[in-house]
Structures are given as C-alpha cells and as structure tokens.
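K.L.:
My questions concern the predicted model and sequence given below.
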Amino acid sequence: MFSLCPNRLRRLFQIQTRATATGSTQAQRPHRLLGYLCLLFLSTNLYTACSQSKPPPPPPPLPTDQTLVFYDWPDYMPQAVMDAFTAEYGIKIDHQVYGSQKEAVDNIRANKVYDVVVIDNDLIPPLLTDHILAEIDLSHLSNFKNISANFRDLAYDPGNKHTVPFNWGTTGLLARSDLLTTPITRWADLWDPQYAGKVAIWALQRPLIPIALKRLGYSVNSENPLELEKALQVLIELKPNVRFVDLDQGSVGPTLVSGKVILAYGWAYDALTSQHDNQHIEYILPSEGTILWGDNLVIPANSLHKEAAELFINFILQPENGGKIVNELYYANANEAARAFIKPEILNNPLVFPPDADLKNAEIMMAPSPAGQKLYDEIWKRFLAATPVIPDPQQNP
C-alpha cells in the first residue's frame, strides 16, 4: 500500500507509541516529540469497519430541500466540487469561512450551527473531551476505504469515531529570491534587520509561537514557562520586520508577488499558486525543522443535517474529487485512491509530497493541556500589546 509518509517516521512512530504508554508528556525534549508526528500520521492499524465482508446497506434517500452549512478556510474547497455535490443530490451548500482556527472553535463552542467543519488535528482532543463533535457513522461512508492506512485510527480519535482525515502538509518560509541579498535557510532569517517592514505574517497564535520556539531550539509543543517567555521576547523583536496579513486573505502569495514583502511564513500552496505570477517565489523548509499540520472533516454535535453531512464527506472522499481538491489547492491529502487523479507534476512535487530528507527535525503541533493553553493565551496577549523592540545589531539574528 502506498505510504504518504517516509519509512523513517514510521520507525519513530513505533518509538513514540511505547513512550506514550509510559506516560510521556508534551514538554519532553524535541527528539522525543518527533514521535508525535508519527503518532498522528503513521498508524497502520486498519479500522475494522472498512474491511467488512459485506458492504453496509445504503442509507435512505435524503430530502433535497436541505441546505448544508460547510465551515472552513477561504478558498479551501473547490467550488466545482461543491457544485457537483448539489447537482448530484440536490442539497445546497452554504459555504461559510473563518479567518483562524480559534475563530472556528469559538463559534462552535458558542453553539453556532454548522454541519461540516474543517478542524486541525491539535484542536480535536479538547472538542472530544467536551462532547462537541458528533459521532460519524462510518457505515454511511463507503469511501472511507480510500483513506490511507497511515492516517486511520490515530491517537487523537481512535477508530475515527468523530473525524475523517483531510489535508496535511508542511509549514515553511516563502521568499522573493530575486530581492534577496543572501539565501534564506532558517526560521531565524525572519528576524534579520535587513528585512525590516518586509516580512509578512498572519497574526495567528499557532503557528507563530511554535515558530519562535523552533527558532530557539525548543519543541513547538513546549509548555515550559521559561521557554515560552523567551519565545515571547523574540516575537516582540520580530515586530519591526512585520507586516500583518489580513486574516481574510486566502494566501500570502499576492503580497509577495507585489514586492511589498520579501519574506513570509506559509505553506506550499502559497508558493505554487503564486509562481504562475512570479517565478522567483520560493518555498523553503527551514533547517531548524518544519512544522507539520493536518486537518479533519468533522460534524458538530448540534448539526441539523447529520446524514447530509455524512453524504457530503463521503462525496469528498470519492477518488476523483480527492484529486480535484489536490490539483486546485496544492495540499497533500489522506485520500490514497485520489493519487490516480492527481496531476503528475503535483504528485511528484517535493513541496507537496516532501521526501524523507526534507522532514528532518520535523514536529507537529499537539493540543496544549488546559494549563498550557492559558500560558499560550497570556503570551499571545502580551505579544499583540507589546511595543516593537529594535533588535541589537551586534547580535546574530
């Protein structure tokens, strides 16, 4: 079976599984935390419901006068896929968008009604603890079999009772190579004084605090108050370089194309969709290590159209639709059967499907503990309120 992740990381997963069983915590050394990546992405346990000898009976027909509320990032689902769903089933889609995962979670917790939501891996555990997500009936998802075994039955949701794996990828640096005086290789390059006012960032608690932690050599999941305090100080030092990106902006690419900024943090999507307009936009995985992410399709417990939501998720999991999503978004997804429908230049692009060597020192963000989240919230509040500090030019950025 084709694996979306390297064999080296599979071995790390086996190590981390044992560590987790003995009660290891998120604040351990970075080499122990590498196993969390594999805990999320490389489980090879197959969910038994997907190997039944007899297919489940089809669900009863749904009324077509429904409107399904789909809540996700801007430009994160091809309109053609949503239109095709409506054309096939007669169910309309009210596509609502959020500017951050915090906004999405806050709205779900405020009991606003959505039927399908895209949620990051690290935010799933607290939602499950608080019983905010509905249980998904996998017998209604005949296409769940298309999900790679590496992404099923993961630690944050054993048995995929509440989540369906969707997209995954790396977080890195974007640069206008034609405007640089020296090559960009590190997270620390964002702090270089020569880029004052030329660095674009989203004001997102995660991954910005983890980037600062990674730059300092700490784990992206650190809950150590001293390490977080140091991360705050370097984030304040970053402020003179920064132009904040509108959270409603779908990509930082256009800002780089315009030449208003030279550097940014972002994702392969930003580079690949912008290189059509400027071939000098590069995507770099920092030498300190990339930060990996993954997300899921979930159904909130207060959904008014649960069966229609399952039908929509099952539709997304069709191989052809999975391929369309990758071809338009340039994000790798967990749909192994979609590979046959992904354009070869995307499937073979190491920015989308990175090789083993590029994932050296990679970590994935995990959900903080309640106490850890309070620390992160306090650090973030102080960062936003802080007056920019000009770094000492004698210090190595």
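P.N.:
Okay, I see it.
K.L.:
For the rest of this, base every contact and every neighbour count on C-alpha atoms.
P.N.:
Fine.
K.L.:
Mind splitting the chain into its structural domains?
P.N.:
Domain ranges of the chain: 45-168+292-352, 169-291+360-385, per automatic domain parsing.
K.L.:
Throw those domains into JSON lines and include mean pLDDT and mean neighbour count, thanks.
P.N.:
What follows is the domains of the chain, written out as JSON lines (pLDDT from 0 to 100; neighbours: other CA atoms under 10 Å):
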{"stretch": "domain 45-168+292-352", "mean pLDDT": "91", "mean neighbour count": "18"}
{"stretch": "domain 169-291+360-385", "mean pLDDT": "93", "mean neighbour count": "19"}
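K.L.:
Check which element follows the longest strand seen in the chain along the chain.
P.N.:
Identified as the longest strand of the chain according to DSSP state E is strand 164-176. Counting by DSSP states H and E, the element after strand 164-176 in chain order, helix or strand, is strand 199-202.
K.L.:
That following strand pairs with which strands, parallel or anti?
P.N.:
strand 242-245 (parallel), strand 263-266 (parallel) (DSSP bridges).
K.L.:
export those to JSON lines and tack on distance to N333?
P.N.:
Shown next, in JSON lines, are the strands paired with strand 199-202 (distance: least, CA to CA, whole Å):
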{"stretch": "strand 242-245", "distance to N333": "26"}
{"stretch": "strand 263-266", "distance to N333": "17"}
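K.L.:
which stretches of this protein form strands?
P.N.:
With DSSP E, the ranges of strands along the chain come out as 67-72, 92-97, 116-120, 164-176, 199-202, 242-245, 263-266, 281-284, 291-298, 332-333, 363-364.
K.L.:
coming back round to it: just the residues contacting the longest strand of the chain, thanks.
P.N.:
By CA atoms under 8 Å, 6 or more residues apart in numbering, the list of residues contacting strand 164-176 from outside reads 144, 147, 151-152, 184, 187, 256, 259, 262-268, 270-271, 280-286, 290-298, 331-335, 352-353.
K.L.:
partners of it in the sheet?
P.N.:
strand 263-266 (antiparallel), strand 281-284 (antiparallel), strand 291-298 (antiparallel), strand 332-333 (antiparallel).
K.L.:
got the angle between that strand and strand 116-120?
P.N.:
Using axes from the mean of the first three to the mean of the last three CA atoms, to 10 degrees, the direction of strand 164-176 lies 60 degrees away from that of strand 116-120.
K.L.:
Export only the CA atoms of stretch 154-173, formatted as CSV.
P.N.:
The C-alpha coordinates for stretch 154-173 follow below in CSV (Å, rounded to 0.1, in the frame of the first residue of the first chain):
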residue,chain,number,x,y,z
LEU,A,154,-4.9,7.8,15.1
ALA,A,155,-4.3,8.7,18.7
TYR,A,156,-6.4,11.8,18.9
ASP,A,157,-9.5,9.9,17.6
PRO,A,158,-9.2,6.0,17.9
GLY,A,159,-11.5,4.3,15.4
ASN,A,160,-12.2,7.6,13.6
LYS,A,161,-15.4,7.9,15.5
HIS,A,162,-15.5,11.6,15.1
THR,A,163,-13.0,12.6,12.4
VAL,A,164,-12.2,12.0,8.8
PRO,A,165,-8.6,12.8,7.8
PHE,A,166,-8.5,15.5,5.2
ASN,A,167,-5.3,17.5,4.2
TRP,A,168,-1.8,17.6,5.6
GLY,A,169,1.5,19.4,4.8
THR,A,170,4.4,21.4,5.9
THR,A,171,4.9,25.0,7.2
GLY,A,172,7.9,26.9,5.9
LEU,A,173,9.3,30.1,4.6
